[in-house]
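>>> Got a predicted structure here, sequence first:
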Amino acid sequence: MKRILISAFVALFAVALAGCNTIQGVGKDVQKAGEKIEDAAKKK
């Protein structure tokens, strides 16, 4: 069971890195997500 969870986590991490390509890309993704959350909070 533990081995499956570790494998799933590694696969998810690899997909996330492939989608972002660089640390800068990760930062941009996080920033965009934060902006969306701020926009949603301001609408309430």
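Everything's here; your move. Note that the structure is a prediction, hence the values are computed from the model and not measured.
>>> can we go C-alpha only for contacts and neighbour counts from here?
Fine.
>>> pLDDT score for the spatially most central residue of the chain?
Residue closest to the average C-alpha location in the chain (Cα atoms, centre = their mean): residue 16, at 6.3 Å. Note for residue 16: predicted pLDDT of 73.
>>> Start at 810, not 1
From this message on, residue numbering opens at 810, which makes the last subject residue 825.
>>> Just the element for it, please.
Using DSSP states H and E, residue 825 maps to helix 811-829.
>>> Distance from that helix to the middle of the chain?
Distance of helix 811-829 from the chain centroid (Cα atoms, centre = their mean, to the nearest Å) equals 12 Å.
>>> so the helix or strand where residue 848 lies versus helix 811-829, what angle?
According to DSSP H and E, residue 848 maps onto helix 832-852. Angle, helix 832-852 to helix 811-829, by axes from the mean of the first three to the mean of the last three Cα atoms, to 10 degrees: 90 degrees.
>>> elements contacting helix 832-852?
Packing partners of helix 832-852 (3 or more Cα pairs under 8 Å, 6 or more residues apart in numbering; DSSP states H and E): none among the helices and strands.
>>> Pull that helix out as CSV, backbone CA atoms only.
Provided in CSV are the C-alpha atoms of helix 832-852 (Å, rounded to 0.1, in the frame of the first residue of the first chain):
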residue,chain,number,x,y,z
ILE,A,832,10.4,26.9,-11.1
GLN,A,833,9.5,30.2,-12.7
GLY,A,834,6.5,28.5,-14.3
VAL,A,835,5.4,27.0,-11.0
GLY,A,836,5.6,30.5,-9.5
LYS,A,837,3.4,31.9,-12.3
ASP,A,838,0.9,29.1,-11.8
VAL,A,839,0.7,29.7,-8.1
GLN,A,840,0.3,33.5,-8.7
LYS,A,841,-2.5,32.9,-11.2
ALA,A,842,-4.3,30.6,-8.7
GLY,A,843,-3.9,33.3,-6.0
GLU,A,844,-5.3,35.9,-8.2
LYS,A,845,-8.4,33.7,-9.0
ILE,A,846,-8.9,33.2,-5.3
GLU,A,847,-8.7,37.0,-4.6
ASP,A,848,-11.1,37.7,-7.4
ALA,A,849,-13.6,35.2,-6.0
ALA,A,850,-13.3,36.6,-2.5
LYS,A,851,-13.9,40.2,-3.8
LYS,A,852,-17.1,39.1,-5.5
